[in-house]
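Visitor: Sequence and computational prediction follow.
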Amino acid sequence: MMFRRRMRIVNGKLLPSVVALLLAMPAAAAAGMGTAVVPKQIIYPGEEISVAAVEEVDVTNPNLAGGYARTVEEVSGMVSTRTLLPGRTIALSGLREPYAVRRGSSVRLTFSIGNMTISAGGTPLQDASVGDLIRVRNTDSGVTVNGTVMADGTVQVMAR
């Protein structure tokens, strides 16, 4: 967030105290407030954030509330859940991991017990990221089961 200071002009010149204050602010801001990530362009909900769409800037507002992204690495590859405006900080609560499985697509269901592993084809009934618990319909039997989305895109079925 940016704030504008009102400057007092006397006889066409800034007052010396105001000039000194303005010159001291960037040095104080850079000294210990860190950086924030802001978009260069409007980023819409559902859009994946690329490195080219954001930039790191120095924080100059000491009253800025926490919970915002401080490095580009924190937001790169994430998906926005709300509209992000240029020059505004990016709240971490407004980001999510990209979906690993999409509703209606084909996935492999796996069930393991001991040394035995059973697998079948399935269709997710909702979009989900890695680690999410979702409902999946077995395409062979039509039975709906619950499972956890794994990093490789499969769904690990839970025992009832």
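Guide: Perfect, I can see it now.
Visitor: give me the element residue 126 is part of.
Guide: Residue 126 belongs to no helix or strand when assigned by DSSP states H and E.
Visitor: pretty sure it contacts residue 104?
Guide: No: assessed by C-beta atoms under 8 Å, residue 126 is found out of contact with residue 104, at 9.7 Å. Placement of C-beta: from N, CA and C, glycine included.
Visitor: quick one, which of these two is more surrounded?
Guide: Comparing residue 126 with residue 104 by other C-beta atoms under 10 Å, the one with more neighbours is residue 126, at 13 against 10.
Visitor: list the contacts for that one?
Guide: Counting by C-beta atoms under 8 Å, 6 or more residues apart in numbering, residue 126 touches 103, 134, 135.
Visitor: Can you add neighbour count and pLDDT and give those back as TSV?
Guide: TSV is the format used below for the contacts of residue 126 (neighbours: other C-beta atoms under 10 Å; pLDDT from 0 to 100):
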residue	neighbour count	pLDDT
103	12	94
134	19	96
135	14	96
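Visitor: So which of those residues is the closest to residue 152?
Guide: Nearest to residue 152 out of the contacts of residue 126 is residue 134 (C-beta to C-beta; 15.2 Å).
Visitor: Domain map for the chain?
Guide: Structural domains assigned to the chain are 33-96, 107-157, following automatic domain parsing.
Visitor: Now do the shortest one: distance to the chain's middle.
Guide: Using C-alpha atoms, centre = their mean, to the nearest Å, the mean C-alpha position of domain 107-157 is found 26 Å from that of the whole chain.
Visitor: Now the terminal residues of it, how far apart.
Guide: With C-alpha to C-alpha, to the nearest Å as the measure, domain 107-157 spans 12 Å from end to end.
Visitor: Using the neighbour-count criterion, name the buried positions in stretch 49-64.
Guide: Neighbour counts over stretch 49-64 (16 or more other C-beta atoms under 10 Å) mark 49, 53, 54, 59, 60 as buried.
Visitor: average model confidence for that stretch?
Guide: In this model, stretch 49-64 has an average pLDDT of 91.
Visitor: In this structure, where is pLDDT below threshold?
Guide: 1-32 (pLDDT under 70).
Visitor: Spatially central residue for it, please.
Guide: Centroid check for the chain by C-alpha atoms, centre = their mean gives residue 95 as the closest residue, at 2.6 Å.
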